[in-house]
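In: quick one, fold the following:
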Amino acid sequence: MSRKGFAWEERLARHMDELKWLYMELYDSPEHFEELIANMRGFYDERKPALKRQDKKREEDPAWFKKNGMLGMMMYAGNFGGTLAGVGEKLDYIKRCGVNYLHLMPLLESPAGRSDGGYAVADFRKVQEELGTIEDLEALADKCRRQGISICLDFVMNHTSEDHEWARRARNGEREYMDRYFFYDRKEDVDAYERTVPQVFPTTAPGNFTWLPEMGKYVLTTFYPYQWDLNYKNPVVFNEMMYNFLFLANRGIDVIRIDAVPYIWKELGTSCRNLPKVHTIVRMMRMIGEIVCPSVLLLGEVVMEPEKVAPYFGTVEKPECHMLYNVTTMASIWHTVASGDARLLKKQLEAVAGLPKEYTFLNYLRCHDDIGWGLDYGTLRQYGMEEVSHKEFLNDFFTGNYPTSFSRGELYNNDPVTRDARFCGTTASMCGIEKAGFCGDAEGMDQAIRLDEMLHAFMFIQSGIPVIYSGDEVGQVNDYTYKEDPEKREDSRYIHRGKFCWDLEEKIDEPGTVQDRLFHALRRLEVLRAGDAVFDSRVPFYMAQTGDISVLCLVRRGEKETAMGIFNFSRDARRIRVEDSSVPDTFTDMLSGEEKNIRDIALPGFGFFWLRA
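Out: This next block holds a predicted model:
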C-alpha cells in the first residue's frame, strides 16, 4: 500500500463501522452511503501536500488548539482589508496583535439586500464578488498557515438563500430540489407545525413559514423569508452539504463554524430544537472530518446556557464539536457590568468549571451579532430582578437612557408588546469610551478604559480561547453611518460592524491616546497569558468567595503554580478578603511584581488583579 493511501485507509477503518451504522439508521440508503465514501476519498486525494502535513502534525498533537498561546480575532474581511487579498496585506498588524486564530465573518456568495450579513448563502463554493475569488480565499489561507495563523469560516448548514440554485430549481417545480426543502400546500399543515415551534424573531416575521404565491405553497423559513430551511431527512442534502464542507476544508480552512446547529433537524410535534438526530448529524460530520481532514476543527454555534450547550461536545469516546461558544457567560458579563451584581456570573462560571476539562469554549465580549438578554431569570428572581423589568433596565442602561449609564448603543428587534429587545454596540461604546470622548470627560475616560481592560482580563483568564472583535483592541466606537445605507439602516447590528478605523491604529504608539493605553494594556495581558501554562484551557479552575457580590475571584490551579484573578464589577472601590484556605495569604501581582495579601486587598472601581503564587 502506498504511503499516500495509508492515512486514508487507517482513518476510514477506525470510523467505518460507526459512520455506516449512524448513516443507515438515519437514511437506510446503501447507495447514498457508498456515494458519500467515494466522494470523501476524492476529497482526500485532492487535499494538497501542505494540508496533509498539517493533518499529520495535528493528529500527533490533538490538543494543539487548547494551549494558552491561542488568541482569536473575528472580523469582516471587507471592513478590515477591503478584499481577501487586502486582508493578506494586513497580516503584519494581525501578528502584532498576537492573533493566531482569525475568524473571517461570512464571505460566501449571498444576494445583496437579502444576505443577513452573509448568512443567506447562494453558493457555498463562491466568494462574494467584491471580496475576490475562491482562489483568493485559498491564497489567504496559505499565507496565514505559513505565519502560524488558523482561519475560521462560517458554514451555514441550516438553510440556503432563496437565490441558491437548489431553491431556484425548487421554485420552478423540480421535485428533486423541492425535496431538499420543506414545502406544504395546506395552511392546516403549517399551523400544526407552528403550534410547537417557537419563532426566532417574532417581531420581524409572522411565523416560521413563507407563502410563495407563484408556487401556491408554503416553505419553511425559520430565520428570515429569504432563508429556506434544508431538509436533512433527505440523504442528498446531507451528502451535498458534506461535500461543501470538505471543499472549504481543502481550500485551507482550519475551523468550520457550524451556524445555528441546534436547528438542523425538524420533527412535527416538537420544538425542532436540539433534537437527538442533530447530534447524529454532527457526530457523522466529526467523523467525516477526522477521516478526510483531521486537522480541521468543528466550532458549534449553540446559544444556550453551559449545561445545555455541553451535549454538543459529544462524549470523550464519541466527540462531536471540538469547540463551542460561551454565549451565556458573554451576556451575563454585561448584565454584571450594568447591575454591579456578580452572583449570576459566578454561578454560571461554577457550572463551566464543573464540566470535563476536555471541553473547550470560545470566550468573547462582543461578536458580529446583537446581545440577547436570555439570562437565568429563575436565579435572578431570587435576587429581586424580575425578567421584564430587568430587561428594560439593561436596555435603558446600555442605550444610555438610565441616569447613571456610561454606555451608548441601540436596540435590535424591539417588541413594544412584550417590551423585549436585544442590544447592539461595540465594546468600547458599552464601556463608556464613546461617551467620555464626546463629553471630553478625562475622569470618565479613565474609568471606561479601566473597565474595558478589566473585562478583557476577565475573558483572558477563563478556560478556552479568547476572541477579540476587530477594533476592540484600539477602542473603536459605534459607527452610525450605517443609517445612510438603505440596505443596512433597518438593521442596528451594523452599528458595531463598521469598517476598521486605520487612523486609530496609527495612534497606538502615540503616548496617552486611548489607543496607546488600551492596545498595550491588552498586549501585556495577552503576552502574560501566552507565556504561562497555568492559562492552558485544560488547567482546572474554581470560584473563591470574596464576601462582596460585586467582586469575583477565579482561581486556576496548575501542577506547579496557582493563578488568581480578582475582578471588581462595581464602579466604586472595594476592599475584600478572599476566602480560600487552600492557597497562601500572599500572591505576586503578575503586572506590577508587587506582593498582595489576598486576605485584605483593595481594588479600584472596575479594577482587577492577576496574581500568582
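
In: ok, now which ones touch residue 520?
Out: By CB atoms under 8 Å, 6 or more residues apart in numbering, the contact set of residue 520 is residue 508. Just so you know, the C-beta spots here come from the backbone N, C-alpha and C atoms, and that holds for glycine as well.

In: quick check: phi and psi at residue 469.
Out: As for residue 469, its main-chain torsions (degrees, to the nearest 10) stand at phi -80, psi 130.

In: and the nearest residue to it once chain neighbours are set aside, what does it touch?
Out: Nearest-residue entry for residue 469: residue 366, 4.6 Å, with adjacent residues in sequence omitted and distances by CB to CB, 6 or more residues apart in numbering. Taking CB under 8 Å, 6+ apart as the contact definition, residue 366 lies against 330, 426, 427, 430, 469, 472, 496.

In: for burial, what's the neighbour tally of the fifth one?
Out: Under the neighbour criterion other CB atoms under 10 Å, residue 469 is assigned a count of 22.

In: tell me how far it lies from residue 90.
Out: According to CB to CB, to the nearest Å, residue 469 and residue 90 sit 16 Å apart.

In: quickly find the element holding residue 16.
Out: Using DSSP states H and E, residue 16 sits in helix 3-27.

In: what residues does that helix touch?
Out: Contacts for helix 3-27 (CB under 8 Å, 6+ apart): 1, 29-30, 32-33, 36-37, 41, 44-45, 52, 55-56, 235, 238, 277, 280-281, 283-284, 287-288, 290-292, 294, 318.

In: cutoff 6 Å now
Out: 33, 44, 235, 280, 284, 287, 291 (CB atoms under 6 Å, 6 or more residues apart in numbering).

In: cool, stretch 175-191 as well?
Out: Against stretch 175-191 from outside (CB under 6 Å, 6+ apart): 166, 169-170, 209, 217-220, 228-229, 231, 234, 237.

In: at 7 Å instead, please
Out: 166, 169-170, 209, 217-220, 228-231, 234, 236-237, 266 (CB atoms under 7 Å, 6 or more residues apart in numbering).

In: repeat for stretch 588-602
Out: With CB under 7 Å, 6+ apart as the test, stretch 588-602 has contacts from 524, 528, 564, 566, 573, 575-578, 585-587, 609-612.

In: what does stretch 107-121 give?
Out: For stretch 107-121, contacts defined as CB under 7 Å, 6+ apart pick out 77, 105-106, 122-124, 126-128, 131, 156, 160-161, 163-164, 223-224, 226-227, 259, 368, 487.

In: what subset of these is buried?
Out: Buried subset of the contacts of stretch 107-121 (neighbour count, 16 or more other CB atoms under 10 Å): 77, 105-106, 122-124, 127-128, 131, 156, 160-161, 163-164, 223-224, 226-227, 259, 368.

In: among those, which are located in helices?
Out: Counting by DSSP state H, the buried ones among the contacts of stretch 107-121 place residue 77 in helices.

In: tell me which helix or strand of the chain sits lowest on mean pLDDT?
Out: Scoring the helices and strands of the chain by mean pLDDT, DSSP states H and E places helix 306-309 at the bottom, with a mean of 72.

In: hmm, back to that, in strands, which of the contacts of stretch 175-191 fall?
Out: Among the contacts of stretch 175-191, the members falling in strands (DSSP state E) are 209, 217, 218, 219, 220, 228, 229.

In: what is the neighbour count of the third one?
Out: Using other CB under 10 Å, the number of residues around residue 218 comes to 21.

In: that one is in contact with residue 211, isn't it?
Out: Yes: here residue 218 reaches residue 211: they are 5.6 Å apart, a contact under CB atoms under 7 Å.

In: derive a ChimeraX selection command for the buried subset of the contacts of helix 3-27.
Out: Buried residues within the contacts of helix 3-27, by 16+ other CB under 10 Å, are selected in ChimeraX with:
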select :33,44,235,280,284,287,291
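
In: show me which of the contacts of helix 3-27 is closest to residue 545.
Out: Closest approach to residue 545 among the contacts of helix 3-27 (CB to CB): residue 280, at 42.6 Å.

In: which secondary structure element contains that closest one?
Out: helix 276-292.

In: name the surrounding residues that touch that helix.
Out: By CB under 7 Å, 6+ apart, helix 276-292 touches 11-12, 15, 18-19, 22-23, 26, 40, 43-44, 232, 238, 242, 245-246, 261-262, 264-265, 296, 298, 311-312, 314, 318-321.

In: cool, and stretch 388-395?
Out: Contacts to stretch 388-395, defined as CB under 7 Å, 6+ apart, come from residues 335, 338, 373, 380, 402, 411, 419, 420, 421, 423.

In: again, only this time at 10 Å
Out: By CB atoms under 10 Å, 6 or more residues apart in numbering, the residues outside stretch 388-395 that reach it are 331, 334-335, 337-339, 371-375, 377, 380-381, 383-386, 401-402, 407, 409-412, 414, 418-423.

In: are any of those buried, and which?
Out: Of the contacts of stretch 388-395, these count as buried by 16+ other CB under 10 Å: 331, 334-335, 337-339, 371-373, 375, 377, 380, 385, 402, 407, 409-412, 420-423.

In: which ones among those are found in strands?
Out: Short answer: the buried ones among the contacts of stretch 388-395 in strands (DSSP E) are 410, 411, 412, 420, 421, 422, 423.

In: grab the two from the residues you listed that are most spread out in space.
Out: Among these, the pair separated by the greatest distance (CB to CB) is 410 and 420, at 15.2 Å.

In: was I right to think residue 550 contacts residue 570?
Out: Yes: look at residue 550 against residue 570 with CB atoms under 10 Å: they come within range, at 3.8 Å.

In: need the residues touching each of those two.
Out: Joint contacts of residue 550 and residue 570 (CB under 10 Å, 6+ apart) are 336, 339, 340, 341, 342, 603, 605, 606.

In: next step: these restricted to helices.
Out: Among the shared contacts of residue 550 and residue 570, the residues falling in helices (DSSP H) are 336, 339.

In: out of the shared contacts of residue 550 and residue 570, who's nearest residue 464?
Out: Nearest to residue 464 out of the shared contacts of residue 550 and residue 570 is residue 336 (CB to CB; 18.5 Å).

In: residues contacting that closest one?
Out: 342-346, 455, 458, 549-550, 552, 567, 569-570.

In: same thing but 6 Å
Out: By CB under 6 Å, 6+ apart, the contact list for residue 336 reads 342, 345, 569.

In: tell me the pLDDT of it.
Out: At residue 336, the model reports a pLDDT of 98.

In: if I look at the nearest residue to residue 319 once chain neighbours are set aside, how far off is residue 326?
Out: Nearest non-adjacent residue to residue 319, counting by CB to CB, 6+ apart: residue 286, 6.0 Å away. Residue 286 sits 20 Å away from residue 326, going by CB to CB.

In: looking at the two, which is more packed in?
Out: Set side by side, residue 286 and residue 326 show more neighbours around residue 326, with 26 against 20, by other CB under 10 Å.

In: can you tell me the closest non-neighbouring residue to that one?
Out: Closest to residue 326 by CB to CB, 6+ apart is residue 361, at 4.0 Å.

In: beta-bridge partners for the one you found, please?
Out: Per DSSP bridges, the residues bridged to residue 361 are residue 324.

In: and whichever helix or strand residue 241 is part of, which residues are buried?
Out: Element membership of residue 241, judged by DSSP H and E, is helix 235-250. Within helix 235-250, the residues that count as buried by 16+ other CB under 10 Å are 235-246, 248-250.

In: now, which of those residues sits nearest residue 435?
Out: So of the buried residues of helix 235-250, ranked by how close each gets to residue 435 (CB to CB), first place is residue 248, at 41.4 Å.

In: follow-up on the earlier one: where's the dip in pLDDT among the ones in strands among the buried ones among the contacts of stretch 388-395?
Out: Among these, residue 420 has the weakest pLDDT, 82.
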